[in-house]
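Enquirer: Show me how the following folds:
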Amino acid sequence: MKPVELRGLTDGELQTKLDEAYEEMMNLRFNMSIGQQKDHSRLPIVKREIARLRTILNERRIAAEMK
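Expert: All right, here's what the predicted structure looks like:
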């Protein structure tokens, strides 16, 4: 998802997407380590998605602390 779309979600929805992304990354790493994963390009995409989600959640946390 694009950052604009992610910013429209609630904190709970963002946290759920973050948990799903971490689980997908774990599964990708596991499958790559045992040689089952054929598509190695998915891992960097998932890492970027995790970074986006964490950035948006962190921005919201900082904004809440400033109030």
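
Enquirer: Tell me which residue is most central in the chain.
Expert: Nearest to the centroid of the C-alpha atoms of the chain, with distances taken as CA atoms, centre = their mean, sits I50, at 2.4 Å.

Enquirer: so who does it touch?
Expert: By CB atoms under 8 Å, 6 or more residues apart in numbering, the contact set of I50 is 18, 21-22, 25. All C-beta atoms are positioned from the backbone trio N, CA, C, and that covers glycine.

Enquirer: what ranges do the strands span in this structure?
Expert: Counting by DSSP state E, the chain has no strands at all.

Enquirer: What are the boundaries of the helices in it?
Expert: For the chain, the helices defined by DSSP state H cover 3-7, 11-33, 42-66.

Enquirer: Adding mean pLDDT, write those helices out as CSV.
Expert: As requested, the helices of the chain are arranged in CSV below (pLDDT from 0 to 100):
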stretch, mean pLDDT
helix 3-7, 93
helix 11-33, 96
helix 42-66, 96
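
Enquirer: still on that earlier bit, buried ones only from the contacts of I50, please, as a PyMOL command.
Expert: Of the contacts of I50, the buried ones can be selected in PyMOL as follows, counting by 16 or more other CB atoms under 10 Å:
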select buried, resi 18+21+25
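
Enquirer: With that, I have no additional questions.
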